[in-house]
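>>> Structure for this input, please:
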Amino acid sequence: MTRHGGKSIVEVMRAEGVTKIFGVPGESFLNVLDAIYEEPTMEFISGRQEGGVSFMAEAYAKATNDVGVCMATRGPGATNLSAGLHTAQQDSTPIVALLGQVERTFKEREAFQEVDFASYFKHLCKWAVEIDDANRIPEILHRAFHVARSGRPGPVVVSLPEDMQDDIVEDIRHEIYKPIRVNRPRTENELIVQAAEEINKAKKPIIIAGGGVILSKATDNLIELSERLHIPVATAFRRFHAFPNTHEHYAGTLGLGAMDGLASYIKESDLVIALGTKFSQMTTNDYTLLNETGKLIHVDISPDTLGKVYNATLPIVADVNEFLKDLLNIVNENVSEERKENLRNINNLYKQFSTPILTNQENFADLKSVVNTLIKTLPEDAIITSDAGNFFSWISRYYRFNDKNIYLGPTSGAMGYGLPSAIGAKIAYPEKTVVSLSGDGGFMMTVQEFETAVRYNLPFVHIIANNNMYGTIRAHQERRFPDRVIATNLSNPNYGEFANIFGGYGERIERNEEFPAALERAIQSNKPAIIEIATNPKILSAKVEEDLRVKGELK
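Residues are numbered from 1 along each chain as shown. Now for the predicted structure:
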């Protein structure tokens, strides 16, 4: 038995359990598309621009905790994927991107839309490879999925020359090569004992929970460890649901808009236990988070992550959940009154910081009230996705994610992520309520994907905080170059009308009291919905708003 290269590619994806493929169709992979047409277990989700498609695949992978797959044609189609693949790299999200490529005999001639993908994507991805022999499709493509999901996960690019997809492959190759599954790495018992000893000696320890907690599904064991040892838990930048924010041991999140008291607490700690975090620039506030005298236990599945930012007292290469299970087997409850007092203090600080004092503005809606309404209205297992932008500071500060919520957002700070990520999340969990948020700047970067949501009948609610500017950049601009505004003003249509024109549901609101009913109508519409919220352009962050309120300048 034989099959052509396109069919062989689809057979590998079927064996890897792929059911959804996100892409924009192109002439350079028609053979693969035709094979997908014949595969009843797969659906090709056709988007409007490859950048949006890559965000869909990235969010789908995050939501399902499995490999996301996206496809693009050669040249400009493939390079348009870059934003989503860079997001996947910085967010440790497993993606396999399949790219059509020029015919093998045309290469190195600047053929139509030719790009050397291996060179172009080398620093954006874990691995970039071209398959120039169809007989090697099972070998290389299974390896691509393995590389994407193993160790510290990330994106892999596989280039597929158009003529290679026509070549004939013998079925025996698919009998030889199968999906690669490896055991989760565990560390030696000696290191577990050392970790337990350091934790037991510490007077003021704190845990930082990163993406590795989410990827290894370690939250339940982390809760048990925190409760047994009375250690507060902070979450890394945009990793909110690594630990329930409603728990009495939660200390808050790190990164943009983090409460000042949290950074101070960590600097004063004699032991930091970092679980599955790479200590990003955002999490560490420009690499200033840890002091030079405290001890650090750093646990990560990737040895390359250890020592990249901070030298750990005890570096441990392990799957976070396996580490926690082994640690829980040997640690006893620590009932130190000092620990309990420290824990109460930092949790009380977080509660004060994250409890909004609701206000009304005469001509604008208030994002504190919007977030407060979302918490009261949405089911406890709702999925929240967000773009990058100044509106994010209100989510970061006031939304308390519980142990059933999923939050999807780009640690890379990629604008345009919000809307496509909601599509990926809704496809992953069609039964769950999905709400995404963006600013007007970010929304317009992938606005065309609203049509994709309508076409596939994906009911979710997208909230646009509209201040008619690139708000984050304006905030930086005002701080560094006061009263010298350039390039950050924007204009916008009525997005409620925009949604209705496309066949979705849309409203625009300008006051707090209008939002709860609008949210309910949007959810009940059972359509992709947009709620545009007019926000005050003078209030560029949650901190600015709070400062104005304290000064009495905000009524």
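
>>> just checking, what packs against the longest helix along the chain?
The longest helix of the chain (DSSP state H) is helix 337-354. Judged by 3 or more C-beta pairs under 8 Å, 6 or more residues apart in numbering; DSSP states H and E, helix 337-354 is in contact with strand 250-253, helix 260-268, helix 392-398. (Glycine included, C-beta is placed from N, CA and C.)

>>> With mean pLDDT, distance to residue 552 and mean neighbour count as added columns, please give the ones you listed in a markdown table.
As requested, the helices and strands packed on helix 337-354 are exported to a markdown table (pLDDT from 0 to 100; distance: least, C-beta to C-beta, whole Å; neighbours: other C-beta atoms under 10 Å):
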| stretch | mean pLDDT | distance to residue 552 | mean neighbour count |
| --- | --- | --- | --- |
| strand 250-253 | 96 | 27 | 26 |
| helix 260-268 | 94 | 21 | 17 |
| helix 392-398 | 93 | 21 | 24 |
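
>>> Nearest to residue 226, out of the ones you listed?
strand 250-253 (8.9 Å; C-beta to C-beta).

>>> what are the pairing partners of that closest one, and which direction each?
strand 233-235 (parallel) (DSSP bridges).

>>> Contacts for the partner strand next, please.
Identification of contacts with strand 233-235 by C-beta atoms under 8 Å, 6 or more residues apart in numbering yields 206-210, 222, 226, 242-243, 245, 247, 249-254, 262, 266.

>>> Quick check: buried residues in it?
The neighbour-count check on strand 233-235 (16 or more other C-beta atoms under 10 Å) flags 233-235 as buried.

>>> Can you give the distance of it from its chain's centre?
17 Å (C-alpha atoms, centre = their mean, to the nearest Å).

>>> Also stretch 427-438?
14 Å.

>>> Now the terminal residues of it, how far apart.
Length of stretch 427-438, first residue to last, C-alpha to C-alpha, to the nearest Å: 19 Å.

>>> ditto for stretch 462-477
Using C-alpha to C-alpha, the two ends of stretch 462-477 sit 28 Å apart.

>>> now it, how far from the centre of its chain.
For stretch 462-477, the distance to the chain centre is 20 Å (C-alpha atoms, centre = their mean).

>>> what does stretch 305-324 give?
22 Å.

>>> for stretch 58-77, same thing?
13 Å.

>>> Kindly report the same for stretch 211-225.
On C-alpha atoms, centre = their mean, the centre of stretch 211-225 falls 17 Å from the chain's centre.

>>> Buried ones in it, by neighbour count?
211-216, 218-219, 221-223, 225.

>>> what is the mean pLDDT for it?
For stretch 211-225, mean pLDDT is 97.

>>> contacting residues around it?
65, 91-92, 153, 184, 207, 209, 231, 233, 236, 239, 241-244, 247, 249, 275-277, 299-301, 319-322, 324-325, 327-328, 331, 403, 411.

>>> and those residues, which are buried?
For these, buried by 16+ other C-beta under 10 Å: 65, 91-92, 153, 207, 209, 231, 233, 236, 239, 241-244, 247, 249, 275-277, 299-301, 319-322, 324-325, 327-328, 331, 411.

>>> can you tell me which of those residues are in strands?
Among the buried ones among the contacts of stretch 211-225, the ones falling in strands (DSSP state E) are 207, 209, 233, 275, 299-300.

>>> thinking again about what came up before, which one of the buried residues of stretch 211-225 is nearest residue 25?
residue 215 (31.3 Å).

>>> Distance check, the closest one against residue 70.
19 Å (C-beta to C-beta, to the nearest Å).

>>> Then residue 501?
The value you get for residue 501 to residue 70, if C-beta to C-beta is used, is 28 Å.

>>> between those two, which one's more packed in?
residue 70 (31 against 12; other C-beta atoms under 10 Å).

>>> Show the pLDDT at the more buried one.
98.

>>> Beta-bridge partners for it, please?
residue 22, residue 97.

>>> returning to what we had before: out of the buried residues of stretch 211-225, the closest to residue 163 would be?
Using C-beta to C-beta, the buried residues of stretch 211-225 come closest to residue 163 at residue 215, 37.9 Å.

>>> Next up, phi/psi of that closest one, please.
phi -60, psi -30 (degrees, to the nearest 10).

>>> State the distance from it to residue 432.
20 Å.

>>> before we move on, what about residue 108?
49 Å.

>>> Between these two, point out the one with more neighbours.
Neighbours per residue (other C-beta under 10 Å) separate residue 108 from residue 432, with residue 432 holding more: 16 against 8.

>>> List the beta-bridge partners for the closest residue to the more buried one other than its chain neighbours.
Of all residues not flanking residue 432 in the chain, residue 383 sits nearest, at 5.5 Å (C-beta to C-beta, 6 or more residues apart in numbering). Residue 383 forms beta bridges with residue 406, residue 434, as assigned by DSSP bridges.

>>> list the contacts for residue 383?
Residue 383 touches 63, 405-408, 425, 429, 432-435, counting by C-beta under 8 Å, 6+ apart.

>>> Now tabulate these in JSON lines and tack on pLDDT and distance to residue 524.
Formatted as JSON lines, these follow (pLDDT from 0 to 100; distance: C-beta to C-beta, whole Å):
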{"residue": "63", "pLDDT": "97", "distance to residue 524": "24"}
{"residue": "405", "pLDDT": "90", "distance to residue 524": "21"}
{"residue": "406", "pLDDT": "94", "distance to residue 524": "22"}
{"residue": "407", "pLDDT": "96", "distance to residue 524": "24"}
{"residue": "408", "pLDDT": "97", "distance to residue 524": "24"}
{"residue": "425", "pLDDT": "98", "distance to residue 524": "20"}
{"residue": "429", "pLDDT": "98", "distance to residue 524": "19"}
{"residue": "432", "pLDDT": "97", "distance to residue 524": "16"}
{"residue": "433", "pLDDT": "97", "distance to residue 524": "12"}
{"residue": "434", "pLDDT": "98", "distance to residue 524": "15"}
{"residue": "435", "pLDDT": "98", "distance to residue 524": "14"}
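
>>> Out of these, which is nearest to residue 283?
residue 407 (15.1 Å).

>>> for residue 415, helix, strand, or coil?
coil (DSSP: H, G, I helix; E, B strand; the rest coil).

>>> So what does the closest residue to it other than its chain neighbours have for phi and psi?
Closest residue in space to residue 415, ignoring its immediate chain neighbours: residue 442 at 4.0 Å, by C-beta to C-beta, 6+ apart. Dihedral angles of residue 442 (phi, psi; degrees, to the nearest 10) stand at phi -70, psi -40.

>>> What confidence value was assigned to residue 442?
pLDDT, residue 442: 95.

>>> next one: residue 554
For residue 554, pLDDT reads 66.

>>> again with residue 1
So, for residue 1, pLDDT stands at 64.

>>> How about residue 88?
97.

>>> That one reaches residue 62, doesn't it?
No. Between residue 88 and residue 62 there is no contact under C-beta atoms under 8 Å: 9.0 Å.

>>> Among the buried residues of stretch 211-225, which ones are in helices?
Per DSSP H, those map to helices at 211-215, 219, 221-223, 225.

>>> quick check, nearest of those to residue 166?
residue 215 (37.9 Å).

>>> Can you tell me how far the closest one is from residue 269?
Distance from residue 215 to residue 269, by C-beta to C-beta: 25 Å.

>>> cool, residue 458 as well?
44 Å.

>>> Pop the domain breakdown of the protein in here.
2-176, 189-353, 356-550 (automatic domain parsing).

>>> name the helices or strands packed onto the helix or strand following the longest helix of the chain?
Note on helix 337-354: by DSSP states H and E, the next helix or strand toward the C-terminus is helix 367-377. Packed against helix 367-377 by the contact rule (3+ C-beta pairs under 8 Å, 6+ apart) you find helix 392-398, strand 461-466, helix 515-524, helix 542-550.

>>> Would you mind giving these as TSV with distance to residue 346 added?
Formatted as TSV, these follow (distance: least, C-beta to C-beta, whole Å):
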stretch	distance to residue 346
helix 392-398	16
strand 461-466	30
helix 515-524	32
helix 542-550	19
